[in-house]
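# A predicted structure for the sequence below; I have some questions about it.
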Amino acid sequence: MKHYKGLVRRAVAAVGIAAALAVPAIGSAADDTIKIGYIDPLSGPFANVGDAGLKHFKYLAERINADGGILGKDVEIIGYDNKSSAQESLQILREAADEGVHYVTQGNGSHVGGALVDGVEKHNRRNPDNRMVFLNYAAVDPALTGEKCSFWHFRFDANSAMKLQAITDYVAEQEDIKKVFLINMDYSHGQAISRIAKEMLKEKRPDIEIVGDVLHPVGKVKDFSPYVSQIQSSGADTVISGNWGNDLSLLVKAGSQAGLDTDWYTYYAGGLGTPTALGKAGAGHVKMVTEWQENLVEDYDAPELREILEEFEQRYDGIEFYYLRIKTEMDMLQKAMEEAGSTEPLAVAQALEGMTMETPFGTVTMREQDHQLLQPLFISTFSEDYPKYDSEGTGIGWVMDAKLEAADTAVDSVCEMKRPSS
Amino acid sequence: MLESIVFSVLNGLLYGMLLFMLASGLTLIFGMMGVLNFAHASFYMLGAYCAYTISSYTNFWVALIVAPLFVGFLGALTERFGLRNVHKHGHVAELLLTFGLVYVIDELVVLIWGQIPVDYAIPPSLDFTLFTLFGTSFPAYRGFILCVAILMFVAIYGLLVRTRVGMIIRAALSHPEMVGALGHDVPRIFTLVFAFGTGLAGLAGVMAGNYYITEPGMAFSMGPIVFVVVVFGGLGSLGGALAASLIIGLVTTFAVSLNYSIADLLAGIGLTLGNESIVGGLAHIDLSRIGQMLPYLMMVLILIFRPRGLMGARES
């Protein structure tokens, strides 16, 4: 019995020592990683979109780590669920700062993006020795790099005005476009498109007539046929819409059912699930402006991207590689850290400012004035006659119509950046 | 102008009939059992998803028959093992049960079919243009939806009013003890009514799932408007549901096609209004922007002025 007790005591001691040794080991490993906090909805109605974004980051971080990481450190992506709420996101920001996260990234919703720009700015003023950088991969409100711009915010997606610049440039070249109809969701995003599109078209092609400008409630319309009738009776040959999700799919479907023969210029027809919902209804008529679609790897022969898109889809069971800009974000972050020779936020932010990088589709630049990335944009059509990759197994894929060089997508910014003195 | 009126009427009728397909089951269950089934739109979603799965193995026509039967069967199970057990605790318990069911079905659908919309397409045999009017084509599938909805109304009405089964059902509601004493199994009648009602929701799902989009949010987006229809038409009244569906369908459609604001109307009679003040700003909002709100406004108004709805029997 006594013998047994001793055995137990020895075992406990051994476990204790092992634990004591293990804890610092885990701690130091954590210090050796570069943590990126991913703040986006991981539950609720937009969980699928947030989840797909997180998979992109995790996958790309893994690739970097497999190549030896950044400055010998591994990149670690930590997913935080903000439930699409700005309030929740600010809470997470504090939490992340306490956990030693210096880089946060977000994309879904400019209202959240705006709150994070403010939040990071305040945090950095109060904690100059524990600063954070906000890398924005999809919130496209022009104000974030305009009147609200911040030194600590970098946007890797073309903002709403730039995408519209690309669309209107392309539209201006199409001689057969005479009558344009604008239909958008009734909130800041849609209202901005309606306003800016009218300005830009008036300037580039004064002869084009705006035959309709409609705002409809967000996510409430089930039957778009009355809107389609309106488009039809207006005699429009082209529709421009910033709609996304079901509001886009239902609109295009209703149009196709009524035999509407217009071209649709959209922002988000390639978004997760939308190609499936569009199906044949969208083929041949729906166009989108993006920095990426899968068939570009054929047009530009980009073997690394081909490998990524094929591996990603296989790994995540049908979820397609959609955000090239997340790769651009990670690559530029890596480059900035290597140039700065440090992972310290201020040094990295200074290196990111004005940085240029080569990508398979052309040079991209992080504009110094407002921290808006300038990258080539593409207009593509959803077509049954596609080069190689179809979208979401629909048998319909994206075909490139035109490329807009990075410099041509630039839109002037009103940003007056305040830079930290030290 | 004529063109726009004709199309608004057609579109409004179609949307109204789709609403009716969904609302008829709900109002039937309420009228018969006094249970307000919150999960009704969830059964509608199940109908669409089942039809998608069944039609991917067989074809649309099989799905059209089998999916509503299957959804009705699920409804029967819900009544037999859920509602009947909580019935003794009163209507609040029943309400809460159907409320919980909404979330259970939502999560199940996401687990089984995923977050992304499924590719449930209109069958090729119905995918053609029925006729062309003013350059706009009228798809055959819309005609099919209209026909099915009208058939459904006639069938339900005939069943309840003209047949012996209908008589027993109606009697079981007002005089359950008497019907029981005559040797009919009253609880089983309730199960059948609930199954029938949810089956109708399933049928609406089969018809609307491919016309719109089959995705996990479809129950949530359809739920509120169906309640508006039922309340507006009068809880438990089939004729009321039909009238309310058509009125709401036409009102929302016309609101969009009549793209006028109050300011435009005032301008028509020689008054101009700036949009600086709050009142002026409101008056400048186009009708199409608030069109989707009108049904809810109508519901509020009818609850104030005629609480039993258009044709409802009950005062409360």
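Arrived safely.
# dihedrals phi and psi, residue A:40?
For residue A:40, the backbone dihedrals (degrees, to the nearest 10) come out as phi -160, psi 170.
# so it is in contact with residue A:53, correct?
Yes - using C-beta atoms under 8 Å, residue A:40 is in contact with residue A:53, at 5.7 Å. Any C-beta I mention is one placed from the backbone N, CA and C, and that applies to glycine too.
# the two - which one has more neighbours?
Higher neighbour count among residue A:40 and residue A:53: residue A:40, with 28 against 25, using other C-beta atoms under 10 Å in any protein chain shown.
# how about the residues of chain A near chain B?
Counting by C-beta under 8 Å from any C-beta of the partner chain, the positions of chain A adjacent to chain B are A:45, A:47-48, A:51, A:186, A:214-217, A:219-223, A:225-227, A:229-230, A:232-233, A:246, A:249-250, A:253, A:257-260, A:272-273, A:276-277, A:279-280, A:392, A:394.
# now residue A:382: which helix or strand?
Taking DSSP states H and E as the definition, residue A:382 sits inside strand A:377-383.
# quick one, what contacts residue A:326?
Shown in contact with residue A:326 (C-beta atoms under 8 Å, 6 or more residues apart in numbering or on different chains): A:53, A:56-57, A:60, A:137, A:156.
# just to revisit the earlier point, avg pLDDT for the next helix or strand after the strand holding residue A:382?
Of the helices and strands lying after strand A:377-383 in sequence (DSSP H and E), the nearest is strand A:397-404. If you average the pLDDT over strand A:397-404, you get 93.
# list the strands paired with strand A:397-404, with their directions.
Counting by DSSP bridges, the strands paired with strand A:397-404 are strand A:377-383 (antiparallel).
# so where's chain A shaky on pLDDT?
Low-confidence segments of chain A (pLDDT under 70): A:1-31, A:422.
# for the helix or strand hosting residue A:347, buried residues please.
Using DSSP H and E, the element containing residue A:347 is helix A:345-352. For helix A:345-352, the neighbour count (16 or more other C-beta atoms under 10 Å in any protein chain shown) marks A:345-346, A:348-352 as buried.
# ok so, going back, among the contacts of residue A:326, name the ones in helices.
Counting by DSSP state H, these place A:53, A:56-57, A:60 in helices.
# ok so, going back, now do the shared contacts for residue A:40 and residue A:53.
Residues touching both residue A:40 and residue A:53 (C-beta under 8 Å, 6+ apart) are A:107-108.
# what is the distance between stretch B:40-56 and the centre of its chain?
15 Å (C-alpha atoms, centre = their mean, to the nearest Å).
# avg pLDDT for it?
Across stretch B:40-56, the average pLDDT comes to 93.
# any of the residues of chain A next to chain B buried? List them.
With burial judged by 16+ other C-beta under 10 Å, the buried subset of the residues of chain A next to chain B is A:47-48, A:51, A:186, A:214-217, A:219-223, A:225-227, A:229-230, A:232-233, A:246, A:249-250, A:253, A:257-258, A:260, A:272-273, A:276-277, A:279-280, A:392, A:394.
# can you flag which of the residues you listed belong to helices?
Among these, the members falling in helices (DSSP H) are A:47-48, A:51, A:225-227, A:229-230, A:232-233, A:246, A:249-250, A:253, A:257, A:276-277.
# from residue B:107, how far off is the residue nearest to the spatial centre of chain A?
Nearest residue to the geometric centre of chain A (C-alpha atoms, centre = their mean): residue A:138, 2.9 Å. Residue A:138 sits 27 Å away from residue B:107, going by C-beta to C-beta, to the nearest Å.
# same check on residue A:139?
Residue A:139 is 29 Å from residue B:107, by C-beta to C-beta.
# which stretches in the stretch 151-300 of chain A count as strands?
For the stretch 151-300 of chain A, the strands defined by DSSP state E, counting those that start in this stretch occupy A:153-155, A:179-185, A:209-216, A:238-241, A:263-266, A:286-290.
# neighbouring contacts of the second one?
So that's strand A:179-185. A:171, A:190-191, A:193-194, A:197-198, A:201, A:208-219, A:227, A:231, A:234-244, A:247, A:251, A:262.
# tell me the most buried of the strands of the stretch 151-300 of chain A?
Most buried of the strands of the stretch 151-300 of chain A by mean neighbour count (mean count of other C-beta atoms under 10 Å in any protein chain shown) is strand A:153-155; its value is a mean of 27.
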